[in-house]
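# Just to be clear, the model below is a prediction. Sequence and coordinates:
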Amino acid sequence: MSFSCCAIVPSHNHHLAIGGIVAALRRASLPVFVIDDGSDEPAASRIAALHAPDAGVRVTRLPVNGGKGAAMAQGFRLATDAGFTHALQIDADGQHDVDAVPDLLAQAQCHPQALVAARPLYDRSVPLGRQLGRWLTHVWVWVETLSLRIGDSMCGLRIYPLAPVAALLANERIGRRMDFDTDIMVRLFWRGVPVLQPPVRVTYPAGNLSNFDTVRDNLRISWMHTRLLAGMLLRLPSILANRPPSLEPARHWAALQERGLYLGIRLMVLAWRLLGRHGCLTLAAPVVLYFWATGRRQRRASFDFLARVRRVRGERPPSALDSYRHFLSFAGRVLDSMVAWIGALRLQDIRDADPDLRRELDADPRGRILVISHHGNVDAVRASLDPALRRKLIVLVHTRHAANYNRVLRELNPAAAVDVIQVSEIGPETAMHLKEQVDAGRWLVIAGDRPPLAGDRHVAMVPFLGAPAAFAHGPFVLAAIMGCPISLLFCRREGSGFVMSFERFAERIELPRGRRRAALDSYAALYAARLETAALAAPLQWHNFFDFWASP
């Protein structure tokens, strides 16, 4: 498929940033169609001054403001008549990072059949009301498409393949104003157009002019979702038959996003305050069912894990209900974490399996490595620890969404905060800093059940539930470098409370010369055996929803 792309810039009274946007698009060698959607003065004159056909910029004025959808429809017609196969849409208000355009173009050239639409990464300038409205639209779009592949349908930076757009506009009426971006994206998805969503920075500039009418546009968007939902039900067989292929490759666990993380946590806390744990989980059940039905990778990982547990136990294979209960357990874990972090979990709800050992570890002046896992709920312990002990902890995380999660917890209850350091690989400077902290008696908390981003150079393939699985060398290498003891922490829910267990693992990690890797593999195997015991005791509390046995 040939590829020739232009840019379409719709504008209604946005003239402050449009000159720089057009200049940047021309530097990217894109011919530009500016559509003035009935702007008033002085914007109309300033937009008209950009017209320079010989320089690759053509301005077309619509005499009456028809809305963004009407302006884009005009731009699509001009681009198609000019012989272009693709068109990049970008808003004229300066919110979008124009430097991301070359990357979007490269992805569109690699996947010319796809709609390449930016997934916005917002800074703190985004209004809270706008965040809430966008999140609600995301949820509706997931329902309307029966898919989670559209992570954001409202960002106005995207590249369209023009042939399916022309076919769509010839047969269906698309939203003409602020309902346009979501409406056309959902309908293209229904017609089998795959979606790629690379992340792009988006800001709300100071003094930014918004054309969004709070009452009218919210009503339009609500009516749009009503039409889309009705249309989805009426044409369900066609939508399923034309379901676009996923262009996303199988991903490392660290690339799996925590969907709706920030706002979802806050809504869950609000529901718990109003309804209690049982009422909150009852309310969440249909939402969990939706995520179970649409989360193909996570659902497959759940079935795989439960099937391995059942084989080791000599039990029948898991059913769909077992997997759904597995997802519900994860929802309960998130809720319990929130309850703990807002300070509502009572200390009597947590039983210490070995209080003498815990006191010994707490009294030990040495720093140490504390290895945790994603089995059970160590967040319940972290939030409920004695403040002096909690101040000892430094949590090492690998991904941005884990750091965001901890940021939200810190905002929920500043008194329960712990230090978090985001790391992918530990370089010399980070190692020196961590060594100083351990020498000062602090505890480095690290998960032992996540393969590292660096791949199989730093993992041991050791037995776990009947097959080799990748366990990271990292915790044991770190303990060897720090010259400190290494301990384990497990916490699982039992009835209406929790049982936590601190355990000694090694007073010192020895890595003999010439047998370093063999020693690391041995330590990883010991940890895997201990984790397997915990997983077999409470399998539904296993919260690693990725292919745990995949090659790293």
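Perfect, I can see it now. Quick caveat, the model's predicted, so the values are computed rather than measured. Numbering: from 1, shown residues only.

# which residues are in contact with the helix or strand where Ala460 lies?
Ala460 is part of strand 459-464 when elements are defined by DSSP states H and E. When contacts are defined by C-beta atoms under 8 Å, 6 or more residues apart in numbering, strand 459-464 is touched by residues 451-452, 468-473, 520-521, 524-525, 528-529, 531-532, 548-549, 552. For glycine as for every other residue, the C-beta is placed from the backbone atoms N, C-alpha and C.

# Of these, keep whichever come out buried.
Those of the contacts of strand 459-464 that meet the buried threshold are 451-452, 469-473, 520-521, 524-525, 528, 531-532, 548-549, 552, by 16 or more other C-beta atoms under 10 Å.

# Could you check the helix or strand harbouring Phe490 and say which residues are buried?
Using DSSP H and E, Phe490 falls within strand 486-494. By neighbour count on 16+ other C-beta under 10 Å, the buried set for strand 486-494 is Ile486, Ser487, Leu488, Leu489, Phe490, Cys491, Arg492, Arg493.

# Tabulate those in TSV, adding columns for distance to Gln437 and pLDDT.
Output for the buried residues of strand 486-494, formatted as TSV (distance: C-beta to C-beta, whole Å; pLDDT from 0 to 100):
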residue	distance to Gln437	pLDDT
Ile486	15	97
Ser487	16	96
Leu488	20	96
Leu489	18	95
Phe490	24	95
Cys491	24	93
Arg492	29	93
Arg493	31	92
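
# any idea which of those residues is closest to Leu229?
Arg493 (36.6 Å; C-beta to C-beta).

# And the helices in the stretch 151-300 of the chain, which stretches?
Secondary structure of the stretch 151-300 of the chain (DSSP state H, counting those that start in this stretch): helices located at 162-171, 180-190, 214-234, 236-241, 261-294, 296-313.

# Nearest approach to Ser337 belongs to which of those?
Among the helices of the stretch 151-300 of the chain, helix 261-294 comes nearest to Ser337, with 8.7 Å by C-beta to C-beta.

# distance between the closest one and the chain's centre?
Offset of helix 261-294 from its chain centre (C-alpha atoms, centre = their mean, to the nearest Å): 18 Å.

# any idea of the mean pLDDT for it?
For helix 261-294, the mean per-residue pLDDT is 73.

# that older thread, so of the buried ones among the contacts of strand 459-464, which ones are in strands?
Judged by DSSP state E, strands contain the following of the buried ones among the contacts of strand 459-464: Ala469, Ala470, Phe471, Ala472.

# Next one: the residue nearest to the third one when sequence neighbours are not counted from Ile509, what distance?
Which is Phe471. Excluding its sequence neighbours, the residue lying closest to Phe471 (C-beta to C-beta, 6 or more residues apart in numbering) is Ala524, at 4.2 Å. With distances taken as C-beta to C-beta, to the nearest Å, Ala524 is found 11 Å from Ile509.

# wait, what's in contact with Leu148?
Leu148 makes contacts with Trp142, Arg259, Phe291, Thr294, Gly295, as judged by C-beta under 8 Å, 6+ apart.

# For the first one, pull up the helix or strand it's in.
Using DSSP H and E, the element containing Trp142 is helix 128-145.

# how far away is the nearest residue to Ser496 once chain neighbours are set aside from Val499?
Leaving aside its sequence neighbours, Ser496 sits nearest to Asp349 (C-beta to C-beta, 6+ apart; 7.0 Å). To Val499, Asp349 is 10 Å away according to C-beta to C-beta.

# and what of Ile369?
From Ile369 to Val499 the distance is 22 Å (C-beta to C-beta).

# More neighbours: which of the two?
Set Ile369 next to Val499 and count neighbours by other C-beta atoms under 10 Å: Ile369 wins out with 28 against 16.

# Assign a three-state SS to that one, would you?
For Ile369, the assignment made with DSSP: H, G, I helix; E, B strand; the rest coil gives strand.

# all helices for the stretch 401-550 of the chain, in order.
Applying DSSP H, counting those that start in this stretch to the stretch 401-550 of the chain gives helices spanning 428-439, 474-482, 516-537.

# Least reliable of those helices by average pLDDT, please.
It's helix 428-439: among these, that one has the lowest mean pLDDT, namely a mean of 86.

# Give the buried residues for it.
Those buried within helix 428-439 under the rule 16+ other C-beta under 10 Å are Leu434, Lys435, Gln437, Val438.

# How about the contacts made by the first one?
Meaning Leu434. By C-beta under 8 Å, 6+ apart, the neighbours of Leu434 are Ile394, Ile421, Ile426, Leu444, Leu478, Met482.

# how close does the residue nearest to Ile394 when sequence neighbours are not counted sit to Val397?
Using C-beta to C-beta, 6+ apart and skipping residues adjacent in sequence, the residue nearest Ile394 is Asp419, 4.6 Å away. Using C-beta to C-beta, one gets 11 Å for the distance from Asp419 to Val397.

# Likewise for Gln95?
From Gln95 across to Val397, the span is 29 Å (C-beta to C-beta).

# Okay, now the unreliable bits of the stretch 1-150 of the chain?
The stretch 1-150 of the chain contains residues with pLDDT under 70 at 1, 122-135.

# now the strands for it?
5-11, 32-37, 57-62, 86-89, 115-117, 119-122 (DSSP state E, counting those that start in this stretch).

# what does the first one rub up against?
Yep, that's strand 5-11 we're talking about. The contact list for strand 5-11, computed with C-beta under 8 Å, 6+ apart, reads 18, 21-22, 25, 30-37, 39, 43, 47, 68, 71-72, 75-76, 78-79, 82, 84-92, 105, 108, 159.

# quick revisit: can you give the strand pairings for the strand holding Ala460, parallel or anti for each?
Applying DSSP bridges to the sheet, strand 459-464 is found paired with strand 467-472 (antiparallel).

# Run the chain-centre distance for the partner strand.
Taking mean C-alpha positions (C-alpha atoms, centre = their mean), strand 467-472 and its chain are 25 Å apart.

# can you list contacts of that strand?
With contacts defined as C-beta under 8 Å, 6+ apart, strand 467-472 is touched by 308, 448-452, 456, 458-464, 524-525, 527-528, 548-552.

# What of stretch 515-531?
Contacts of stretch 515-531 (C-beta under 8 Å, 6+ apart): 371, 373, 375, 448-449, 459-460, 462-464, 469, 471-473, 475-477, 488, 503, 505-506, 509-512.

# quick check, distance from that stretch to the centre of its chain.
Between the centre of stretch 515-531 and the centre of its chain there are 32 Å (C-alpha atoms, centre = their mean).

# on that earlier part again, same for the strand holding Phe490, what does it pack against?
On a contact count with 3 or more C-beta pairs under 8 Å, 6 or more residues apart in numbering; DSSP states H and E, strand 486-494 meets helix 320-341, strand 368-372, helix 378-384, helix 474-482, strand 497-506, helix 516-537.

# Spell out the secondary structure type for Asn351.
Actually, residue 351 is Arg. It isn't Asn. Look at Arg351: counting by three-state DSSP, its state is strand.

# Tell me what it is bridged to.
Beta-bridge pairing for Arg351 (DSSP bridges): Val499.

# Roughly how far does it sit from Arg492?
Counting by C-beta to C-beta, the separation of Arg351 from Arg492 is 11 Å.

# go on, Ala535?
From Ala535 across to Arg492, the span is 10 Å (C-beta to C-beta).

# any common contacting residues for these two?
His375.

# Mind listing what's buried along stretch 379-394?
Residues Asp379, Ala380, Val381, Arg382, Ala383, Ser384, Leu385, Arg390, Lys392, Leu393, Ile394 are the ones in stretch 379-394 that count as buried (16+ other C-beta under 10 Å).

# close enough to count as contact, the fourth one and Arg390?
Yes: between Arg382 and Arg390 there is a contact under C-beta atoms under 8 Å: 6.9 Å.

# for Pro317, what are its contacts?
Contact analysis of Pro317 by C-beta under 8 Å, 6+ apart lists Ala307, Arg310.
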